[in-house]
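Need coordinates for the following:
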Amino acid sequence: MAQTSAAHHRAARSKTAPHPGDTHGTTTHQRLGGRSLRGFTGTGYDKGRSLPVQAAWYAVLHLVFATWWFPARWRPALLRAFGARVGQRVLIRRGVRVHWPWKLDIGDDVWIGEDAWILNLEPVTIGHDCCVSQGALLCTGSHRRRSATFEFDNGPIRLEAGSWVAARAVVLRGVTVAVGAVVGAGAVAHRDLAPDEVLTVGGAAVTDASVPTVSAKGTTP
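Numbering: from 1, shown residues only. Below you'll find the model as predicted:
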């Protein structure tokens, strides 16, 4: 009888307290976690091209565009073939990822360093003479944290002429980096930057007179 009672107790407990990874019991899961990702709809997000074009770009991106052996001088032409607007004398290094080329506009004389990631669910505009350094991330995607189904909260990104996103820096959705502004190495730009403003790690905004020179690898005296 004791063994039978224990078995009943374990069964009852498993019904009322599902494992965190359990995909059953939606009502209980929503009540405990406040979010149901399975209900996500992606409302308002337009990928901009048909599924075959998306698939073709993914194949070209991973098999050709981002590889070390593909000549840098041919990368702008490949982006243009998939709908990007790319100016003259644009240098794109190996390992660069572009989510959707048809949502990308690059001006003249732009440098994009190794392993930079342009996650452009929404349009990304990069003005002339901009530098996006190694490992930088331009992320137009986000989510509404108060949405029960975690719906998108995306927005475009704009880098104005002469601005610089230094190594491993991040620019978040909806942000404009104004003319000559700098997102310092490792910094996160979650708001617009004024002309010639320098944003450092920790979120401090400084002037050229009070900050060391920001380089692609960090800072120098």
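
quick one: the residue most central in space within the chain from residue 108, how far?
Note on the chain: the residue nearest the mean C-alpha position is residue 139, at 2.5 Å, using C-alpha atoms, centre = their mean. Per C-beta to C-beta, to the nearest Å, residue 139 is found 25 Å from residue 108. Bear in mind the C-beta positions are built from the backbone N, C-alpha and C, glycine included.

Now do the same contact list for residue 191.
Shown in contact with residue 191 (C-beta atoms under 8 Å, 6 or more residues apart in numbering): residue 175.

Was I right to think residue 181 contacts residue 193?
Yes - taking C-beta atoms under 8 Å as the definition, residue 181 is a contact partner of residue 193 at 4.0 Å.

any common contacting residues for the two?
By C-beta under 8 Å, 6+ apart, residue 181 and residue 193 have these common neighbours: 163, 199.

Phi, psi for the residue nearest to the centre of the chain please.
Phi and psi for residue 139, reported as degrees, to the nearest 10, are phi -110, psi 110.

ok, and the closest non-adjacent residue to it?
Spatial nearest neighbour of residue 139, excluding adjacent residues (C-beta to C-beta, 6 or more residues apart in numbering): residue 119 at 4.7 Å.

any idea how far residue 36 is from the nearest residue to residue 144 once chain neighbours are set aside?
Excluding the flanking residues, the one nearest residue 144 by C-beta to C-beta, 6+ apart is residue 153, at 4.6 Å. Residue 153 sits 17 Å away from residue 36, going by C-beta to C-beta.

again, but for residue 134
Residue 134 sits at a distance of 38 Å from residue 36 (criterion: C-beta to C-beta).

With neighbour numbers in mind, choose between the two.
Neighbour totals were compared for residue 134 and residue 36, and residue 134 leads with 18 against 14 (other C-beta atoms under 10 Å).

For that one, grab phi and psi.
Main-chain torsions, residue 134, degrees, to the nearest 10: phi -60, psi 130.
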